[in-house]
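Novice: Sequence first, then the predicted structure, then my questions.
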Amino acid sequence: MPESQPYFSTKTNVRTSKNWRARPAAACAAIALSASLLVLAGCEKEQKAEAAPPDVEVVSVTQRDVPITREWVATLTGFVNAQIRAQVSGYIVKQLYTNGAFVKKGTPLFQLDARTFQASLDQANGNLSQAKADLMKAEAQLGKTQLDVDRYTPLAKQGAISQQELDDAVQANLAAKGQVAAAHASIEAAQAAAESARLNLGYATIVSPVDGVAGISTAQVGDFVGPQSPNPLTSVSTVNPILATITPSEQDYLATMRKAEKTGMTDTQILSTLVWELQLTDGSMYGQKGRFYALDRQVNVQTGAITVQIQFPNPGNVLRPGGFGNVRTVVRLEKGALLVPQRAVTDVQGKYLVGVVGADNKTNIRPVTVGDKVGTMWIIGEGLKPGDRIVAEGTQKIRDGIVVNPKPFQETAPAPGDSTKGGVQ
């Protein structure tokens, strides 16, 4: 029986092995070629994308008259802030007002124990009565001695009485006059003591010196208080009108002075011509307009600011001392101002630059000088002219001399509650 053959001969296995190796190599070459074509196509697309001009949003420089506003943080304080203290020493026996209530001038606030003061007044009145009685006695004695002198004088001339008797009568009369003078002095002292006791008795009832809102009491019934007590018993503030205190910089003050010199007015006169507005902490505008009230005498050496107070009507006592807000006023009208969006101006190490797009859509990086901010706009002093197209969105994409694809600038509306304000420099 012939020798059995293997299922696969050696020759067949070799061919099969070669075919197996050749086919994957061809497949790999085809895949590599396809990948290369894809990479080349991708590179061409990237080159085309890089060559395309970047999209930017542009806006034209506008020119118009704009009011220049200044704004400062303000602290509210009462028109009068009276600290209530005891003028005499004693124990508080009663609080006579409601904490936080509106009180009139003369309204009783606290009652001290008045028994000691009443006793002092009674004693002073008794001393005054005794001094008056002594005066009457001295005047009676003076009358008697005066009669003696009048009677003894002609008798002494006639020799009916001795000169010694006349001299004694004259001396007695002079002594009586001295007693009368002393009695008058005693009465004056007694009257002063009685008046002092009367005042102390009155001070035992502590009253409000002004119309205003009384604060929460810092003293309680039973406390011993007096003129040397470290803390006031309470405070009463006149809040209608109320004062808003602001602290403009020395530069703002000097600018006001220069303007005053040009117009021939004083600093307070020119401040009195301004109309002042108050923005409350909730963002709302206070309904009443303010007017200038006072300018401090000096610039604070630590802050470089000067204190100015603005007076606001406060019907209903809505505003209270200690509150905060923002006080603003229009200081001047800038005529023919060139305006650009603030976002179009780039600050590079203290130099301000804008991207100007020409008629050929090429960019020109141009330095400018800036002035005041008005809302979201910036006043340009030099470097631009009306109608120039500047890049407002996409400034990071441009450089000097490149071509861009300009599109109209779409300004985003401010979110509700946005507190962007103009004129804060």
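Specialist: Done, it's in.
Novice: immediately after whichever helix in the chain runs longest, which helix or strand?
Specialist: The longest helix of the chain (DSSP state H) is helix 115-158. Using DSSP states H and E, the helix or strand that follows helix 115-158 in sequence is helix 163-203.
Novice: Run the angle between that next one and helix 115-158 for me.
Specialist: Counting by axes from the mean of the first three to the mean of the last three Cα atoms, to 10 degrees, helix 163-203 lies at 160 degrees to helix 115-158.
Novice: Which strands and helices lie in contact with the longest helix of the chain?
Specialist: helix 163-203 (3 or more Cβ pairs under 8 Å, 6 or more residues apart in numbering; DSSP states H and E). Bear in mind the C-beta positions are built from the backbone N, C-alpha and C, glycine included.
Novice: and the helix it packs on, what does it pack onto?
Specialist: Using 3+ Cβ pairs under 8 Å, 6+ apart: helix 163-203 touches helix 115-158.
Novice: chain center to the helix it packs on, what's the gap?
Specialist: Mean-position distance between helix 115-158 and its chain equals 66 Å (Cα atoms, centre = their mean, to the nearest Å).
Novice: Quick one: mean pLDDT for it?
Specialist: Confidence for helix 115-158, expressed as mean pLDDT, is 90.
Novice: And stretch 102-109, by the same measure?
Specialist: 94.
Novice: now do stretch 310-321
Specialist: Mean predicted confidence for stretch 310-321 is 93.
Novice: repeat for stretch 267-276
Specialist: Mean pLDDT, stretch 267-276: 89.
Novice: got the end-to-end distance for that stretch?
Specialist: 16 Å (Cα to Cα, to the nearest Å).
Novice: Numbering from 467 from now on, please.
Specialist: Shifting the count to begin at 467 puts that one at stretch 733-742.
Novice: contacts for that stretch?
Specialist: Under the criterion Cβ atoms under 8 Å, 6 or more residues apart in numbering, residues 710, 719, 722-723, 725-726, 729, 731, 755-758, 761, 774, 776, 778, 793-797 lie in contact with stretch 733-742.
Novice: what residue ranges in the chain score low on pLDDT?
Specialist: Along the chain, segments meeting pLDDT under 70 span 467-517, 878-891.
Novice: Which residue ranges make up each domain of it?
Specialist: 521-531+800-874, 537-544+703-799, 552-578+675-697, 580-669 (automatic domain parsing).
Novice: Pull up the gap between residue 802 and residue 712, please.
Specialist: Residue 802 sits 30 Å away from residue 712, going by Cβ to Cβ, to the nearest Å.
Novice: between those two, which one's more packed in?
Specialist: residue 712 (23 against 9; other Cβ atoms under 10 Å).
Novice: Just to check, the more buried one is in contact with residue 794?
Specialist: No - in this structure, residue 712 is not within contact of residue 794 by Cβ atoms under 8 Å, at 9.8 Å.
Novice: what residues are shared contacts of these two?
Specialist: In contact with both residue 712 and residue 794: residue 538, using Cβ under 8 Å, 6+ apart.
Novice: secondary structure class for the closest residue to residue 869 other than its chain neighbours?
Specialist: Residue nearest to residue 869 in three dimensions, not counting chain neighbours: residue 519, with 4.7 Å by Cβ to Cβ, 6 or more residues apart in numbering. Using DSSP: H, G, I helix; E, B strand; the rest coil, the structure places residue 519 in coil.
Novice: just residue 782 next, same as before
Specialist: With three-state DSSP as the criterion, residue 782 reads helix.
Novice: Tell me how many other residues surround it.
Specialist: Neighbour tally, residue 782, other Cβ under 10 Å: 7.
Novice: same question, residue 738
Specialist: Neighbours around residue 738, by other Cβ under 10 Å: 12.
Novice: Please report how far it lies from residue 614.
Specialist: 77 Å.
Novice: Now the residue nearest to residue 783 when sequence neighbours are not counted: phi and psi?
Specialist: Nearest non-adjacent residue to residue 783, counting by Cβ to Cβ, 6+ apart: residue 705, 5.1 Å away. Dihedral pair for residue 705: phi -110, psi 0, per degrees, to the nearest 10.
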